[in-house]
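[1] Below is the sequence, then the predicted model.
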Amino acid sequence: MSAYQVPAHHIAALVGTYVAKERYRTFSRADKLSLAGELSRENARSVNHRYAHHSEGCEPIPVPYELIAWFERHPLNPGAMFKALGGFEYQACETDDWSLTQAKEICDRMHKQTATRVAGYTSGSWCISDRSIVQTAR
């Protein structure tokens, strides 16, 4: 596999959309910057791990608060969010301990939250007890 550092816009879009759509928690400026910083650090760590044989490593990309705030006001739709998450995770998963990182945990929370915004989720059944759901789920 290969890895590259995603742009600040990419991380800002993930964080801004996530905090805009979160219903159960409010995020301070510091919280938002912390989320973005964690994702950026893990992305850099992944690239550095993948290309450890290169003499120069890369540093985490700074993500300006103003960029996060812009995406908070203009969040991605669920399809775009899922695609952006997939792109980020592909660039951040090179280390052996990726599944244990805070960045992976953040991405998992983002996935779960985004799934609740997909068309049909709200009207879907929590428990399916017979086949009649097939008629309404189409």
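    Okay, I see it.

[2] pLDDT below threshold where in the chain?
    Regions of the chain meeting the criterion pLDDT under 70 cover residues 1, 55, 132-138.

[3] mind checking the longest helix of it?
    Using DSSP state H to define each element, the chain has its longest helix at helix 29-50.

[4] Quick check: the residue nearest to Tyr18 when sequence neighbours are not counted vs Ser46, distance?
    Nearest residue to Tyr18, sequence neighbours excluded (CB to CB, 6 or more residues apart in numbering): Met110, at 5.0 Å. Quick note: C-beta positions are derived from backbone N, CA and C, even for glycine. Shown here: Met110 relative to Ser46, a distance of 17 Å by CB to CB, to the nearest Å.

[5] go on, Ala84?
    Distance of Ala84 to Ser46, given as CB to CB: 16 Å.

[6] out of these two, which sits in the more crowded spot?
    Ser46 (25 against 20; other CB atoms under 10 Å).
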